[in-house]
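In: I would like the atomic coordinates for the input below:
(2 chains)
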Protein chains: 2
Amino acid sequence: MTTNVDGTHDATLTSCLDSANDPATDFPIQNLPFGRYRSEEDGAWSVGVAIGDQVLDLRRAGVVQNSQMNQLMRLPRDARQAIREAISEGLRRGSPQEKPFRSALIAQTEVQMGLPCEIGDYTDFYTSVHHATTVGKQFRPDNPLLPNYKWVPIGYHGRASSICVSGNSFARPVGQTKAPNSDIPAFGPCARLDYELEIGVFISRPNILGERIPMAAAEDHVFGIALFNDWSARDIQGWEYQPLGPFLSKNFASTLSPWMVTLEALAPYRKAFTRPEGDPQPLPYLDSPANRAMGAIDIELEVWLQTPAMQKAGSAGERLMRSNYADAYWTVAQMVAHHTVNGCNLRAGDLFGSGTLSGPDAGQGGSLLELSDGGKRPIRLANGETRTFLEDGDTVILRGYCQREGFRRIGFGECRGTVLPARP
Amino acid sequence: MTTNVDGTHDATLTSCLDSANDPATDFPIQNLPFGRYRSEEDGAWSVGVAIGDQVLDLRRAGVVQNSQMNQLMRLPRDARQAIREAISEGLRRGSPQEKPFRSALIAQTEVQMGLPCEIGDYTDFYTSVHHATTVGKQFRPDNPLLPNYKWVPIGYHGRASSICVSGNSFARPVGQTKAPNSDIPAFGPCARLDYELEIGVFISRPNILGERIPMAAAEDHVFGIALFNDWSARDIQGWEYQPLGPFLSKNFASTLSPWMVTLEALAPYRKAFTRPEGDPQPLPYLDSPANRAMGAIDIELEVWLQTPAMQKAGSAGERLMRSNYADAYWTVAQMVAHHTVNGCNLRAGDLFGSGTLSGPDAGQGGSLLELSDGGKRPIRLANGETRTFLEDGDTVILRGYCQREGFRRIGFGECRGTVLPARP
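Out: Presented below is the predicted three-dimensional model:
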């Protein structure tokens, strides 16, 4: 478990950069998330760390030798920790290296962010029992939670090519749907377009095909976490997903936030991971004392919606819900151990989606499917508009942050995407 | 459709290389499949074409500028066709270029073959209605073929990292299974390990996210075809696959043959594609006159099993079944058009699996699940052994070839993999 709280987490640390000391920033010196950026249209991607309103170029600061994020990610954990400490020291107020580090800064407003790394394979899990139960009720009223759910960290493979970075817009997908009262399918634009609030987990160290990763080593293979929106076409999904799972209902676009918050940065926000009384305990390959003691991560998550009318009125949007990653039924370590128990090999830069992160309470659904009860009860927005599913022009923004008494609040930046009309 | 029969298909063409004129070779001058090889343990991959018992190094022969297979694959179709013609001319008996081409040859026995390209995303389809019906009966006796099957080319995302090239061996996977009479799952080695006879289709030209590929252009985006074994752990699959599809039951290993037979080489073997009377016609986005006229490809397929006892006795194995890719319910063009109808982007080197290619007759099941009726009726081998599912040490070999009156037979080489005991 990556739970060692050290000097880089000290709440009294301040940066030589004023914007990093602003209490409202997502990127104080205690955070230091990694991302890729470029400053000109056709330039190559550089590896950077967010600090206040700036990006620190790691190569120009002398912290890394080249601009290959995936190479950096696959370093052993102690090497990654040493990089974190070097960056933290270089950016501190009064650092002897303030000058070279300052010369490696560029304003976030002047760069274009890319996907944080080259994603090899993308796997989506289904770790929220609250989401699985609520959605299960809609698809299978008699059998909401399948018998395997509390034993198997359910996951399935997703599409890597269509993962975009925050700020993307995409055309409403078209495809086949079938109305319950029709014998044959129809073809046209998706009418039940939805978002899914997830986190994305990035793999660092690879394992060799055939070699499983045990729980005790699982977090050594994890680099960090970003926000992830797994856009979903519910009507296409309903018609296509039997017997092999979702396909075109998911692979038209997914959106990632540009900054990977490292497990090291998240160390102060770890929590005990317990199952509700009466639930079966995980099988041994999915269990460890450390996972029980500190397996959960306390990340507050929010979904915001900005409709075209809100944008016109100058509103940044309305918050639709909040949930917390600590309410997931399976941990990061359990996802890694399960994914490799059969010998499947992970590579640096592979991405795991958590699955939709709904909370236990009504109103904590991580998708419109849940908030509108399958489209049956429109949600009412403060400006009088209503939504069952997403309309053209809608922008969805995911936000996330960690806070704990005695520690500096750190944030994930935002994960933003906009729905465009379907192409003719 | 890539159905133009030209001078490169002329059955009277002979090669300057005797082994390519052997009637038994898979690789006469009419074939010219592409693959990657290296001649030393740590060397970089080169791009080659199989000819008789040799490999032609395309860079050394002056046909391509570099050894990047994915770059070659993404060339426009006319450029790929020009490369095919240049290779065909250079390798002909009496070619003025015989000398430089001969100096670019290396024996297949002296090289190590790699995966034919870098695979980005891998999608597995389910295009055999015979497989879907037989397997559906086992999982859902009351409802073997789901209502969407004849409308939707069912597909789902697979794992790219664990795709290996022919000749690989892999440990029997372990995982969770649940016996029908048990309330809780067990953990241990898979007891129902199976192969799946498939073809793999490689993408050439990419499309941009949001831009669908119509049927008329679909085959311009396809490079070629290889043999593909989608090894499957049936007992793990049965417990994990609801509601999101197969996961650990598939991603422990898949095996590809090393040579991509191009659509250009397959032009003489195209066939009309018709649906059984009474079946619905495909929706317009999945239909075209050319697809009806020539959408199918006549590829004979075989599965061979070599048990440890056969190996000991010096036997190359026993053929378990034969089927033909022309019996698939959905064509290559339909897979491409369906995959992109929602705007999903394909990249050069992406792989589509056809799904298990079973034939219409009893005994034509493309997996042991079918041949042994779900493990209920062991198959009897000529040496007296029996099998329901694969045992440790078993080697499965897929073979494929095309033949037609007036044309030279071309083959796919073999796709071979061996099951090792589970790791402790």
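In: Excluding chain neighbours, what is closest to the residue in the stretch 151-300 of chain A positioned nearest to chain B?
Out: Ranking the residues of the stretch 151-300 of chain A by distance to chain B (C-beta to the nearest C-beta) places residue A:245 first, at 2.4 Å. Where C-beta positions appear, they are placed from N, C-alpha and C, glycine not excepted. Using C-beta to C-beta, 6 or more residues apart in numbering or on different chains and skipping the chain neighbours, the partner closest in space to residue A:245 is residue B:245 (2.4 Å).
In: Please tell me how far residue A:120 sits from residue A:330.
Out: 22 Å (C-beta to C-beta, to the nearest Å).
In: more crowded one of these two?
Out: Neighbour count, other C-beta atoms under 10 Å in any protein chain shown: between residue A:120 and residue A:330, residue A:330 has more, with 27 against 22.
In: Go ahead and confirm the residue of the stretch 151-300 of chain A closest to chain B touches residue B:250.
Out: No - when contacts are counted by C-beta atoms under 8 Å, residue A:245 is not listed as touching residue B:250 (11.1 Å).
In: So between the two, which is more surrounded?
Out: residue B:250 (28 against 25).
In: can you tell me which residues contact residue A:322?
Out: By C-beta atoms under 8 Å, 6 or more residues apart in numbering or on different chains, the contact set of residue A:322 is A:300, A:301, A:302, A:359, A:364.
In: Repeat that for residue A:159.
Out: A:122, A:250, A:251, A:254, B:121, B:123, B:157, B:344.
In: rewinding a little: from residue A:268, how far out is the residue of the stretch 151-300 of chain A closest to chain B?
Out: As for residue A:245, its distance to residue A:268 is 37 Å (criterion: C-beta to C-beta).
In: tell me the domain ranges of chain A?
Out: Following automatic domain parsing, chain A resolves into domains at A:7-113, A:122-420.
In: And residue A:82, which helix or strand is it part of?
Out: Following DSSP states H and E, the helix or strand that holds residue A:82 is helix A:77-91.
In: quick check, distance from that helix to the centre of its chain.
Out: Counting by C-alpha atoms, centre = their mean, to the nearest Å, helix A:77-91 is centred 23 Å from the centre of its parent chain.
In: Quick check: longest strand in chain A by residues?
Out: Counting by DSSP state E, the longest strand found in chain A is strand A:410-420.
In: Next up, the contacts around residue A:250.
Out: Contacts of residue A:250 (C-beta under 8 Å, 6+ apart): A:124, A:158, A:159, A:230, A:231, A:232, A:233, A:237.
In: Looking at the residues you listed, which are in strands?
Out: A:124, A:158, A:232, A:233.
In: now the residue nearest to residue A:377 when sequence neighbours are not counted: how far from residue A:380?
Out: On the basis of C-beta to C-beta, 6+ apart, the spatially nearest residue to residue A:377 that is not a chain neighbour turns out to be residue A:388, at 8.0 Å. Between residue A:388 and residue A:380 the computed distance is 11 Å (C-beta to C-beta).
In: same deal with residue A:184?
Out: 35 Å.
In: about what we covered before: most tightly surrounded among the domains of chain A?
Out: Highest mean neighbour count among the domains of chain A (mean count of other C-beta atoms under 10 Å in any protein chain shown): domain A:122-420, with a mean of 21.
In: Between the two ends of that one, how far is it?
Out: As for domain A:122-420, its first-to-last residue distance stands at 25 Å under the measure C-alpha to C-alpha, to the nearest Å.
In: Ok, stretch A:98-110 next?
Out: End-to-end span of stretch A:98-110 (C-alpha to C-alpha): 21 Å.
In: got a list of contacts for that stretch?
Out: A:16-17, A:37, A:39, A:48, A:50-51, A:53-58, A:60-62, A:90-91, A:95.
In: wait, residue A:25 sits on residue A:413?
Out: No - with contacts counted by C-beta under 8 Å, residue A:25 stays clear of residue A:413, the gap being 10.1 Å.
In: can you give me the strands for the stretch 251-400 of chain A?
Out: Defined through DSSP state E, counting those that start in this stretch, the strands belonging to the stretch 251-400 of chain A, from first to last, are A:254-256, A:261-262, A:270-271, A:296-297, A:300-306, A:318-324, A:351-353, A:379-380, A:386-387, A:395-402.
In: I'd like those strands laid out as CSV, including mean pLDDT and distance to residue B:315.
Out: Shown next, in CSV, are these (pLDDT from 0 to 100; distance: least, C-beta to C-beta, whole Å):
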stretch, mean pLDDT, distance to residue B:315
strand A:254-256, 98, 50
strand A:261-262, 98, 55
strand A:270-271, 98, 58
strand A:296-297, 98, 56
strand A:300-306, 98, 60
strand A:318-324, 98, 60
strand A:351-353, 98, 45
strand A:379-380, 97, 68
strand A:386-387, 98, 66
strand A:395-402, 98, 59
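In: Which residues of the stretch 51-200 of chain A lie near chain B?
Out: Counting by C-beta under 8 Å from any C-beta of the partner chain, the positions of the stretch 51-200 of chain A adjacent to chain B are A:120-121, A:123-124, A:126, A:136, A:139, A:146-148, A:151-152, A:154-162, A:164, A:170-171, A:173-176, A:178, A:184-185, A:187.
In: Check the stretch 301-424 of chain A too.
Out: For the stretch 301-424 of chain A, the residues found near chain B under the criterion C-beta under 8 Å from any C-beta are A:338, A:339, A:341, A:342, A:343, A:344, A:345, A:346, A:347, A:350, A:423.
In: Burial check on the last one, number of neighbours?
Out: When neighbours are defined as other C-beta under 10 Å, residue A:423 has 13 of them.
In: What is the three-state secondary structure of it?
Out: Assigned with DSSP: H, G, I helix; E, B strand; the rest coil, residue A:423 falls in the coil class.
In: so what's it up against?
Out: The neighbourhood of residue A:423, defined by C-beta under 8 Å, 6+ apart, consists of A:171, A:174, B:210, B:212, B:343.
In: Give me the subset of those lying in helices.
Out: Mapping these onto helices (DSSP state H) picks out no residues; all lie outside.
In: out of those residues, who's nearest residue B:294?
Out: Distance to residue B:294 across the contacts of residue A:423 (C-beta to C-beta) is lowest for residue B:212, with 21.8 Å.
In: From residue B:205, how far off is the nearest residue to the closest one once chain neighbours are set aside?
Out: Closest residue to residue B:212 apart from its sequence neighbours, by C-beta to C-beta, 6+ apart: residue B:340 at 4.7 Å. In this structure, residue B:340 lies at 11 Å from residue B:205, with C-beta to C-beta as the measure.
In: what touches both of these two?
Out: Joint contacts of residue B:340 and residue B:205 (C-beta under 8 Å, 6+ apart) do not exist.
In: got the contact list for the residue nearest to residue A:94 when sequence neighbours are not counted?
Out: Leaving aside its chain neighbours, residue A:94 sits nearest to residue A:16 (7.2 Å; criterion: C-beta to C-beta, 6+ apart). Listed by C-beta under 8 Å, 6+ apart, the contact set of residue A:16 reads A:91, A:92, A:93, A:94, A:95, A:98, A:101, A:102.
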